[in-house]
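>>> just need the structure, nothing else, for what follows:
(2 chains)
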2 protein chains.
Amino acid sequence: MEESLEKRRIVVAVDESEESMHALSWCLHNLVSQNQNTNTTLFLLYVKPPPPVYCSLDATGYLFGNGDVITSLENYGKDLANSVMRKADAICHKFDAKFTVEKKIGSGDAKDVICIATKQLMADMLVMGSHDYGFFKRAILGSVSEYCAKNVKCPVVVVKRPK
Amino acid sequence: MEESLEKRRIVVAVDESEESMHALSWCLHNLVSQNQNTNTTLFLLYVKPPPPVYCSLDATGYLFGNGDVITSLENYGKDLANSVMRKADAICHKFDAKFTVEKKIGSGDAKDVICIATKQLMADMLVMGSHDYGFFKRAILGSVSEYCAKNVKCPVVVVKRPK
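Residues are numbered from 1 along each chain as shown, chains lettered A, B, ... in the order given. All right, here's what the predicted structure looks like:
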(Lines give C-alpha, C1' and ligand atoms only; values in the text may rest on other atoms or scores of the structure.)
Protein backbone atom coordinates (compact mmCIF):
# COMPACT_ATOMS: atom_id res chain seq x y z
CA MET A 1 0.00 0.00 0.00
CA GLU A 2 2.70 2.41 1.10
CA GLU A 3 4.58 1.61 -2.07
CA SER A 4 1.78 2.78 -4.32
CA LEU A 5 1.84 6.29 -2.90
CA GLU A 6 3.36 8.99 -5.04
CA LYS A 7 6.51 10.34 -3.46
CA ARG A 8 7.11 14.02 -3.13
CA ARG A 9 10.04 15.96 -1.74
CA ILE A 10 9.45 19.50 -0.60
CA VAL A 11 12.19 21.84 0.61
CA VAL A 12 11.08 24.68 2.89
CA ALA A 13 13.72 27.31 3.55
CA VAL A 14 13.39 28.45 7.13
CA ASP A 15 15.05 31.27 8.97
CA GLU A 16 14.36 33.44 11.99
CA SER A 17 11.80 35.55 10.13
CA GLU A 18 8.07 35.31 10.63
CA GLU A 19 7.75 35.24 6.87
CA SER A 20 9.49 31.90 6.67
CA MET A 21 7.35 30.41 9.43
CA HIS A 22 4.26 31.64 7.63
CA ALA A 23 5.56 30.02 4.43
CA LEU A 24 5.98 26.74 6.31
CA SER A 25 2.42 26.90 7.66
CA TRP A 26 1.13 27.71 4.19
CA CYS A 27 2.98 24.75 2.76
CA LEU A 28 1.68 22.37 5.41
CA HIS A 29 -1.86 23.61 4.97
CA ASN A 30 -1.97 23.78 1.18
CA LEU A 31 0.48 21.20 -0.01
CA VAL A 32 0.78 18.58 2.69
CA SER A 33 -2.01 18.13 5.19
CA GLN A 34 -4.91 17.99 2.75
CA ASN A 35 -3.01 15.80 0.38
CA GLN A 36 -2.80 12.39 1.97
CA ASN A 37 -2.51 10.47 -1.29
CA THR A 38 1.11 11.45 -1.43
CA ASN A 39 4.07 10.32 0.58
CA THR A 40 5.66 13.66 1.42
CA THR A 41 9.12 14.28 2.78
CA LEU A 42 9.52 17.81 4.06
CA PHE A 43 13.06 19.12 4.26
CA LEU A 44 13.45 22.02 6.63
CA LEU A 45 16.49 23.88 5.38
CA TYR A 46 18.21 26.45 7.54
CA VAL A 47 21.23 28.28 6.20
CA LYS A 48 23.63 29.89 8.63
CA PRO A 49 26.08 32.53 7.48
CA PRO A 50 29.52 31.24 6.47
CA PRO A 51 32.00 30.97 9.34
CA PRO A 52 34.35 33.94 9.69
CA VAL A 53 37.43 33.62 7.52
CA TYR A 54 40.28 33.61 10.02
CA CYS A 55 43.17 34.30 7.66
CA SER A 56 41.72 37.36 6.02
CA LEU A 57 40.85 38.75 9.41
CA ASP A 58 44.43 38.60 10.70
CA ALA A 59 45.10 42.08 9.42
CA THR A 60 42.08 43.46 11.19
CA GLY A 61 42.91 41.66 14.41
CA TYR A 62 41.93 44.70 16.41
CA LEU A 63 38.35 44.05 15.37
CA PHE A 64 38.07 40.28 15.64
CA GLY A 65 41.25 39.50 17.54
CA ASN A 66 39.49 38.05 20.54
CA GLY A 67 38.89 34.35 19.94
CA ASP A 68 35.98 34.50 22.34
CA VAL A 69 34.07 36.85 20.15
CA ILE A 70 34.29 34.47 17.22
CA THR A 71 33.37 31.49 19.32
CA SER A 72 30.37 33.19 20.78
CA LEU A 73 29.30 34.30 17.32
CA GLU A 74 29.48 30.71 16.16
CA ASN A 75 27.55 29.53 19.17
CA TYR A 76 24.98 32.17 18.48
CA GLY A 77 24.69 30.78 14.95
CA LYS A 78 24.13 27.26 16.26
CA ASP A 79 21.67 28.44 18.87
CA LEU A 80 19.79 30.35 16.23
CA ALA A 81 19.66 27.27 14.03
CA ASN A 82 18.28 25.24 16.93
CA SER A 83 15.78 27.89 17.85
CA VAL A 84 14.54 28.17 14.25
CA MET A 85 14.27 24.40 13.92
CA ARG A 86 12.37 24.16 17.22
CA LYS A 87 9.89 26.77 16.01
CA ALA A 88 9.52 24.98 12.69
CA ASP A 89 9.03 21.65 14.46
CA ALA A 90 6.27 23.11 16.60
CA ILE A 91 4.47 24.30 13.46
CA CYS A 92 4.82 20.88 11.82
CA HIS A 93 3.37 19.17 14.90
CA LYS A 94 0.26 21.32 14.70
CA PHE A 95 -0.69 19.62 11.45
CA ASP A 96 -2.32 16.29 11.85
CA ALA A 97 -0.96 14.69 8.73
CA LYS A 98 1.38 11.93 7.72
CA PHE A 99 4.65 13.27 6.42
CA THR A 100 8.32 12.87 7.16
CA VAL A 101 10.39 15.80 8.35
CA GLU A 102 14.12 15.99 7.75
CA LYS A 103 16.22 18.87 9.03
CA LYS A 104 19.14 20.19 7.06
CA ILE A 105 21.55 22.92 8.03
CA GLY A 106 23.59 24.63 5.37
CA SER A 107 26.32 27.19 5.68
CA GLY A 108 27.16 29.99 3.28
CA ASP A 109 25.36 32.54 1.18
CA ALA A 110 21.68 31.70 1.71
CA LYS A 111 20.60 32.05 -1.90
CA ASP A 112 23.37 29.84 -3.26
CA VAL A 113 23.02 27.22 -0.55
CA ILE A 114 19.25 27.01 -1.06
CA CYS A 115 19.67 26.50 -4.81
CA ILE A 116 22.37 23.85 -4.39
CA ALA A 117 20.51 22.03 -1.60
CA THR A 118 17.25 22.00 -3.57
CA LYS A 119 19.06 20.28 -6.40
CA GLN A 120 20.99 17.87 -4.17
CA LEU A 121 17.87 16.88 -2.25
CA MET A 122 16.12 16.25 -5.58
CA ALA A 123 13.24 18.43 -4.45
CA ASP A 124 9.97 18.48 -6.37
CA MET A 125 9.35 21.97 -5.10
CA LEU A 126 10.88 24.73 -3.03
CA VAL A 127 8.80 26.85 -0.65
CA MET A 128 10.10 30.07 0.79
CA GLY A 129 8.92 33.21 2.50
CA SER A 130 9.49 36.61 1.03
CA HIS A 131 10.39 39.77 2.88
CA ASP A 132 8.49 42.71 1.59
CA TYR A 133 11.47 45.05 1.37
CA GLY A 134 11.08 48.46 -0.13
CA PHE A 135 12.77 49.44 -3.37
CA PHE A 136 16.09 50.63 -1.96
CA LYS A 137 16.67 47.84 0.52
CA ARG A 138 15.84 45.36 -2.24
CA ALA A 139 18.21 47.07 -4.65
CA ILE A 140 21.05 46.72 -2.14
CA LEU A 141 20.29 43.35 -0.59
CA GLY A 142 18.75 41.68 -3.59
CA SER A 143 16.05 39.16 -2.95
CA VAL A 144 16.82 35.60 -1.96
CA SER A 145 13.45 34.35 -3.19
CA GLU A 146 13.83 36.12 -6.54
CA TYR A 147 17.27 34.64 -7.04
CA CYS A 148 16.06 31.15 -6.17
CA ALA A 149 12.96 31.39 -8.38
CA LYS A 150 15.31 32.28 -11.21
CA ASN A 151 17.93 29.62 -10.60
CA VAL A 152 16.15 26.60 -9.21
CA LYS A 153 14.76 24.14 -11.74
CA CYS A 154 11.76 22.87 -9.77
CA PRO A 155 8.59 24.86 -9.04
CA VAL A 156 9.16 27.59 -6.47
CA VAL A 157 6.46 28.89 -4.15
CA VAL A 158 7.04 32.41 -2.82
CA VAL A 159 4.81 33.11 0.16
CA LYS A 160 4.34 36.57 1.57
CA ARG A 161 3.08 37.18 5.04
CA PRO A 162 -0.36 38.75 5.02
CA LYS A 163 -0.41 42.21 6.63
CA MET B 1 -21.99 19.91 3.64
CA GLU B 2 -20.82 22.01 0.72
CA GLU B 3 -20.89 25.04 3.00
CA SER B 4 -18.36 23.60 5.39
CA LEU B 5 -15.70 23.29 2.71
CA GLU B 6 -12.88 25.77 2.79
CA LYS B 7 -12.99 28.02 -0.24
CA ARG B 8 -9.94 28.70 -2.29
CA ARG B 9 -9.39 30.88 -5.32
CA ILE B 10 -6.45 30.12 -7.57
CA VAL B 11 -5.45 32.26 -10.55
CA VAL B 12 -3.44 30.50 -13.25
CA ALA B 13 -1.94 32.79 -15.87
CA VAL B 14 -2.11 31.02 -19.23
CA ASP B 15 -0.62 31.97 -22.55
CA GLU B 16 0.43 30.20 -25.74
CA SER B 17 3.61 28.84 -24.15
CA GLU B 18 4.12 25.24 -23.15
CA GLU B 19 5.49 26.57 -19.88
CA SER B 20 2.10 27.98 -18.92
CA MET B 21 0.29 24.76 -19.80
CA HIS B 22 2.79 22.83 -17.72
CA ALA B 23 2.16 25.25 -14.84
CA LEU B 24 -1.58 24.59 -15.16
CA SER B 25 -1.04 20.81 -15.06
CA TRP B 26 1.24 21.18 -12.07
CA CYS B 27 -1.37 23.25 -10.28
CA LEU B 28 -4.15 20.77 -10.99
CA HIS B 29 -2.02 17.87 -9.89
CA ASN B 30 -0.47 19.39 -6.78
CA LEU B 31 -2.98 21.93 -5.55
CA VAL B 32 -6.38 20.84 -6.80
CA SER B 33 -6.98 17.21 -7.68
CA GLN B 34 -5.54 15.63 -4.55
CA ASN B 35 -7.13 18.20 -2.36
CA GLN B 36 -10.84 17.46 -2.27
CA ASN B 37 -11.47 18.99 1.14
CA THR B 38 -11.41 22.39 -0.46
CA ASN B 39 -13.87 24.11 -2.72
CA THR B 40 -11.55 25.42 -5.40
CA THR B 41 -12.30 28.01 -8.04
CA LEU B 42 -9.68 28.07 -10.75
CA PHE B 43 -9.43 31.29 -12.73
CA LEU B 44 -7.75 30.83 -16.10
CA LEU B 45 -6.37 34.26 -16.94
CA TYR B 46 -5.24 35.07 -20.45
CA VAL B 47 -3.84 38.50 -21.19
CA LYS B 48 -3.84 39.74 -24.76
CA PRO B 49 -1.66 42.64 -25.81
CA PRO B 50 -3.30 46.07 -25.65
CA PRO B 51 -5.22 47.06 -28.82
CA PRO B 52 -3.27 49.21 -31.26
CA VAL B 53 -3.57 52.91 -30.53
CA TYR B 54 -5.25 54.29 -33.64
CA CYS B 55 -4.50 57.98 -33.13
CA SER B 56 -0.78 57.61 -32.71
CA LEU B 57 -0.65 55.45 -35.80
CA ASP B 58 -2.17 58.12 -38.06
CA ALA B 59 1.25 59.51 -38.84
CA THR B 60 2.53 56.11 -39.85
CA GLY B 61 -0.54 55.37 -41.93
CA TYR B 62 1.60 53.84 -44.59
CA LEU B 63 2.38 51.03 -42.18
CA PHE B 64 -0.97 50.40 -40.58
CA GLY B 65 -3.20 52.39 -42.92
CA ASN B 66 -5.17 49.36 -43.99
CA GLY B 67 -8.04 48.86 -41.58
CA ASP B 68 -8.02 45.19 -42.49
CA VAL B 69 -4.58 44.67 -41.06
CA ILE B 70 -5.64 45.99 -37.70
CA THR B 71 -8.86 44.01 -37.74
CA SER B 72 -7.06 40.84 -38.63
CA LEU B 73 -4.50 41.49 -35.91
CA GLU B 74 -7.32 41.87 -33.45
CA ASN B 75 -9.00 38.74 -34.71
CA TYR B 76 -5.73 36.94 -34.39
CA GLY B 77 -5.61 38.08 -30.78
CA LYS B 78 -9.10 36.73 -30.12
CA ASP B 79 -8.36 33.49 -31.93
CA LEU B 80 -5.22 33.07 -29.90
CA ALA B 81 -7.17 33.66 -26.70
CA ASN B 82 -9.69 31.03 -27.74
CA SER B 83 -7.03 28.56 -28.74
CA VAL B 84 -5.19 29.02 -25.43
CA MET B 85 -8.41 28.63 -23.46
CA ARG B 86 -9.33 25.49 -25.40
CA LYS B 87 -5.95 23.97 -24.62
CA ALA B 88 -6.29 24.93 -20.96
CA ASP B 89 -9.81 23.47 -20.84
CA ALA B 90 -8.57 20.18 -22.25
CA ILE B 91 -5.96 19.99 -19.52
CA CYS B 92 -8.54 20.76 -16.81
CA HIS B 93 -10.84 18.01 -18.12
CA LYS B 94 -8.06 15.45 -17.77
CA PHE B 95 -8.20 15.87 -14.01
CA ASP B 96 -10.92 13.97 -12.31
CA ALA B 97 -11.62 16.41 -9.51
CA LYS B 98 -14.31 18.75 -8.37
CA PHE B 99 -13.43 22.35 -9.03
CA THR B 100 -14.94 25.32 -10.78
CA VAL B 101 -13.23 26.89 -13.76
CA GLU B 102 -13.74 30.52 -14.69
CA LYS B 103 -12.11 32.07 -17.73
CA LYS B 104 -10.93 35.65 -17.70
CA ILE B 105 -9.40 37.60 -20.55
CA GLY B 106 -7.40 40.71 -19.79
CA SER B 107 -5.88 43.23 -22.11
CA GLY B 108 -2.71 45.22 -21.61
CA ASP B 109 0.80 44.66 -20.32
CA ALA B 110 0.72 41.06 -19.08
CA LYS B 111 2.61 41.65 -15.84
CA ASP B 112 0.44 44.57 -14.77
CA VAL B 113 -2.82 42.90 -15.77
CA ILE B 114 -1.91 39.71 -13.91
CA CYS B 115 -1.13 41.65 -10.72
CA ILE B 116 -4.32 43.70 -10.92
CA ALA B 117 -6.50 40.71 -11.79
CA THR B 118 -5.03 38.61 -8.97
CA LYS B 119 -6.02 41.32 -6.54
CA GLN B 120 -9.46 41.93 -8.06
CA LEU B 121 -10.28 38.22 -8.12
CA MET B 122 -9.23 38.02 -4.46
CA ALA B 123 -6.97 35.11 -5.28
CA ASP B 124 -5.44 32.98 -2.54
CA MET B 125 -2.61 32.12 -4.85
CA LEU B 126 -1.23 32.83 -8.29
CA VAL B 127 0.33 30.10 -10.42
CA MET B 128 2.40 30.89 -13.47
CA GLY B 129 4.92 29.33 -15.79
CA SER B 130 8.37 30.72 -16.23
CA HIS B 131 10.33 30.98 -19.43
CA ASP B 132 13.90 30.03 -18.94
CA TYR B 133 15.36 33.00 -20.79
CA GLY B 134 19.08 33.54 -20.89
CA PHE B 135 20.69 36.52 -19.23
CA PHE B 136 20.44 39.00 -22.12
CA LYS B 137 16.88 38.25 -23.15
CA ARG B 138 15.86 38.49 -19.51
CA ALA B 139 17.69 41.79 -19.11
CA ILE B 140 15.76 43.27 -22.04
CA LEU B 141 12.36 41.67 -21.60
CA GLY B 142 12.34 41.43 -17.85
CA SER B 143 10.50 38.51 -16.37
CA VAL B 144 6.74 38.52 -15.94
CA SER B 145 6.88 35.91 -13.19
CA GLU B 146 9.58 37.81 -11.30
CA TYR B 147 7.58 41.03 -11.48
CA CYS B 148 4.43 39.31 -10.29
CA ALA B 149 6.18 37.47 -7.45
CA LYS B 150 7.43 40.86 -6.32
CA ASN B 151 4.18 42.77 -6.63
CA VAL B 152 1.39 40.35 -5.85
CA LYS B 153 0.44 40.00 -2.19
CA CYS B 154 -0.70 36.37 -2.21
CA PRO B 155 1.60 33.35 -2.55
CA VAL B 156 2.99 32.96 -6.05
CA VAL B 157 3.99 29.63 -7.56
CA VAL B 158 6.54 29.84 -10.36
CA VAL B 159 6.66 26.61 -12.35
CA LYS B 160 9.39 25.85 -14.84
CA ARG B 161 9.01 23.25 -17.51
CA PRO B 162 11.27 20.29 -16.91
CA LYS B 163 13.83 19.82 -19.67
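
>>> mind listing the strands in chain A by residue range?
Assigned strands in chain A, in chain order: A:6-14, A:38-48, A:100-107, A:125-130, A:156-160 (criterion: DSSP state E).

>>> out of these, flag the one nearest chain B.
Smallest distance to chain B across those (CB to the nearest CB): 4.3 Å, for strand A:156-160. The way it works is simple: take the backbone N, C-alpha and C, and place the C-beta from them, glycine included.

>>> from the contact counts, what lies against that closest one?
Applying 3 or more CB pairs under 8 Å, 6 or more residues apart in numbering or on different chains; DSSP states H and E, we find strand A:156-160 packed against helix A:18-27, strand A:125-130, helix A:144-151, strand B:156-160.

>>> for these, which has the smallest mean pLDDT value?
Here those differ in mean pLDDT, and the lowest is helix A:144-151 at a mean of 87.

>>> how close does A:Glu18 sit to B:Val12?
Computed with CB to CB, to the nearest Å, the distance linking A:Glu18 and B:Val12 is 28 Å.

>>> quick one: which of those two has more around it?
B:Val12 (31 against 12; other CB atoms under 10 Å in any protein chain shown).

>>> and the more buried one, what pLDDT?
Looking at B:Val12, the pLDDT reads 97.

>>> what sits against it?
B:Ser20, B:Ala23, B:Leu24, B:Cys27, B:Leu42, B:Phe43, B:Leu44, B:Leu45, B:Ala88, B:Leu126, B:Val127, B:Met128 (CB atoms under 8 Å, 6 or more residues apart in numbering or on different chains).

>>> any idea what the closest residue to it other than its chain neighbours is bridged to?
In space, and not counting its chain neighbours, B:Val12 is closest to B:Val127: 4.6 Å by CB to CB, 6 or more residues apart in numbering or on different chains. Counting by DSSP bridges, B:Val127 is bridged to B:Val12, B:Val157.

>>> touching, B:Val127 and B:Leu28? I think so.
No. Shown here, B:Val127 and B:Leu28 do not form a contact pair, counting by CB atoms under 8 Å, at 9.6 Å.

>>> who has more neighbours out of the two?
Set B:Val127 next to B:Leu28 and count neighbours by other CB under 10 Å: B:Val127 wins out with 27 against 22.

>>> who's in contact with the residue nearest to B:Val12?
B:Ile10, B:Val11, B:Val12, B:Ala13, B:Ala23, B:Leu24, B:Trp26, B:Cys27, B:Leu31, B:Val156, B:Val157, B:Val159.

>>> in JSON lines, list the strands of chain A along with distance to A:Cys92.
Putting the strands of chain A into JSON lines (distance: least, CB to CB, whole Å) gives the following:
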{"stretch": "strand A:6-14", "distance to A:Cys92": "10"}
{"stretch": "strand A:38-48", "distance to A:Cys92": "7"}
{"stretch": "strand A:100-107", "distance to A:Cys92": "5"}
{"stretch": "strand A:125-130", "distance to A:Cys92": "13"}
{"stretch": "strand A:156-160", "distance to A:Cys92": "16"}
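
>>> right, I'll call it a day here.
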